[in-house]
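A.B. asks: let me see the structure of the following:
(chains A and B)
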Amino acid sequence: MLILQIVILCLLVAALVLWGLYYPYPSPLIRRWLPPRKRWPEKQIRTWLKDGAFQRAFLRHFYRDPERVAPPGNSILAPADGLVTSADMRGEIRYLVIALSFWDMHVQRSPVSGRVLKVESHGDDFMDGEGREFAFLREKTCPVQKRLVVATNAGQVAVRLITSLAARRIETWVREGEEIERGQRIGRILLGSTVVLELPAATKLLVRTGDRVWAGQTAVAEGLTAP
Amino acid sequence: MNGFFWTCGHLGWGIFALAVFTGLWWLLTDLYWRLKSIGFRRLLVMMAAGWIIGVGLILLGFYGLNG
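C.D. replies: Sure thing, here's the model as predicted:
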């Protein structure tokens, strides 16, 4: 009986030591019961960014790539998971800015079916607030980004994958001249950043600033029809 | 003899229950604090109240059964 008691007390002490080692962040024993934002607090992720070492469980969560089912019809889909932070017109283009956080799924999907016209690289800097004040359109001190232009029967749509201070790598999985489907995977930004959808002015937005959208699943605009 | 601290060659059930309860209560409070957005002072009050109730029940159980 004494041995059983000692074993139970040792297990309890081990759990408390783990708690102390990981404090103020959650210990591995309780992590599984917490939602992602509490499982890996932003402060902890920022320390990993500095050190270059990440928890394996976080990376598994970060690299997830779930299947998505596009809604029927011809609506334009969200290219990324995230929060709509801006939906403004500049000239003849409507820009839908989607901000991704560390906990969002980071695979981007095509908003429309069509042919990839261009895969351009722009920018010269890694910065925070890349979606604010339309920093991604500046000539100088513009965040490093890739712009994919997709030609459809009814005009062109572009998707910008934009880096940030934390997100410094972009992978694009489509090439110029390739035919792509609505909702097809087009690339990935490594760690949180911004995705901007450029639409013709004639399109009608179905989402507003502050809405949450899901890549390849949320219809964000309609009205892209052949003349 | 059924003592609080020591009983027939092993730890007394009273002190054992107290140690296990205190450890688990600490870990449970931590989990609750992370799941709910709760003020630190309120958390401390809840933690202390829960612990006092738990210890009271253990003492009541121990001395009630052995009383």
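
A.B. asks: do a quick rundown of the strands in chain B.
C.D. replies: Applying DSSP state E to chain B gives strands spanning B:6-7, B:10-11.

A.B. asks: now chain A, which segments are flagged as low pLDDT?
C.D. replies: A:127, A:129-133, A:167, A:192, A:225-227 (pLDDT under 70).

A.B. asks: one step back: which of the strands of chain B sits closest to residue A:24?
C.D. replies: Among the strands of chain B, strand B:10-11 comes nearest to residue A:24, with 32.5 Å by C-beta to C-beta. Every C-beta, even on glycine, is put in place using the N, C-alpha and C of the backbone.

A.B. asks: the closest one: partners in the sheet, and parallel or antiparallel?
C.D. replies: Here strand B:10-11 is paired, per DSSP bridges, with strand B:6-7 (antiparallel).

A.B. asks: ok, the residue most central in space within chain B - contacts?
C.D. replies: Chain B has residue B:21 as the residue nearest its centroid, 3.6 Å off, counting by C-alpha atoms, centre = their mean. Residues in contact with residue B:21 (C-beta atoms under 8 Å, 6 or more residues apart in numbering or on different chains) are B:51, B:54-55, B:58.

A.B. asks: cool, residue B:61 as well?
C.D. replies: Contacts of residue B:61 (C-beta under 8 Å, 6+ apart): residue B:17.

A.B. asks: let's go with 10 Å and repeat that
C.D. replies: By C-beta atoms under 10 Å, 6 or more residues apart in numbering or on different chains, the contact list for residue B:61 reads B:13-14, B:17.

A.B. asks: before we move on, what about residue A:37?
C.D. replies: Listed by C-beta under 10 Å, 6+ apart, the contact partners of residue A:37 are A:101-103.

A.B. asks: which residue is the nearest non-sequential neighbour of residue A:105?
C.D. replies: residue A:81 (4.5 Å; C-beta to C-beta, 6 or more residues apart in numbering or on different chains).

A.B. asks: I figured the one you found hits residue A:106, correct?
C.D. replies: Yes. Between residue A:81 and residue A:106 there is a contact at 7.7 Å, judged by C-beta atoms under 10 Å.

A.B. asks: between these two, which contacts overlap?
C.D. replies: Counting by C-beta under 10 Å, 6+ apart, the residues touching both residue A:81 and residue A:106 are A:100, A:195, A:215.

A.B. asks: which one of the residues you listed is nearest chain B?
C.D. replies: residue A:100 (23.4 Å; C-beta to the nearest C-beta).

A.B. asks: quick check: that closest one touching residue A:108?
C.D. replies: Yes. If you go by C-beta under 10 Å, residue A:100 and residue A:108 touch, sitting 9.2 Å apart.

A.B. asks: give me the common contacts of those two.
C.D. replies: A:80-81, A:161, A:189, A:195, A:215.

A.B. asks: dump these to JSON lines, plus secondary structure and neighbour count.
C.D. replies: Listed next are those as JSON lines, based on DSSP: H, G, I helix; E, B strand; the rest coil; neighbours: other C-beta atoms under 10 Å in any protein chain shown:
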{"residue": "A:80", "secondary structure": "coil", "neighbour count": "30"}
{"residue": "A:81", "secondary structure": "coil", "neighbour count": "25"}
{"residue": "A:161", "secondary structure": "strand", "neighbour count": "26"}
{"residue": "A:189", "secondary structure": "strand", "neighbour count": "26"}
{"residue": "A:195", "secondary structure": "strand", "neighbour count": "29"}
{"residue": "A:215", "secondary structure": "coil", "neighbour count": "27"}
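
A.B. asks: where do the domain boundaries of chain A fall?
C.D. replies: For chain A, the structural domains run A:2-62, A:76-222, going by automatic domain parsing.

A.B. asks: re earlier: looking at the strands of chain B, which is buried most?
C.D. replies: strand B:10-11 (a mean of 17; mean count of other C-beta atoms under 10 Å in any protein chain shown).

A.B. asks: contacting residues around that one?
C.D. replies: A:1-6, A:8-9, B:3-5, B:16-17, B:19.

A.B. asks: how about those residues in a markdown table, adding distance to residue A:60 and neighbour count?
C.D. replies: Below are these laid out as a markdown table (distance: C-beta to C-beta, whole Å; neighbours: other C-beta atoms under 10 Å in any protein chain shown):
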| residue | distance to residue A:60 | neighbour count |
| --- | --- | --- |
| A:1 | 42 | 12 |
| A:2 | 41 | 12 |
| A:3 | 38 | 8 |
| A:4 | 36 | 10 |
| A:5 | 37 | 17 |
| A:6 | 36 | 12 |
| A:8 | 32 | 15 |
| A:9 | 33 | 15 |
| B:3 | 50 | 14 |
| B:4 | 47 | 18 |
| B:5 | 46 | 9 |
| B:16 | 39 | 20 |
| B:17 | 39 | 19 |
| B:19 | 36 | 16 |
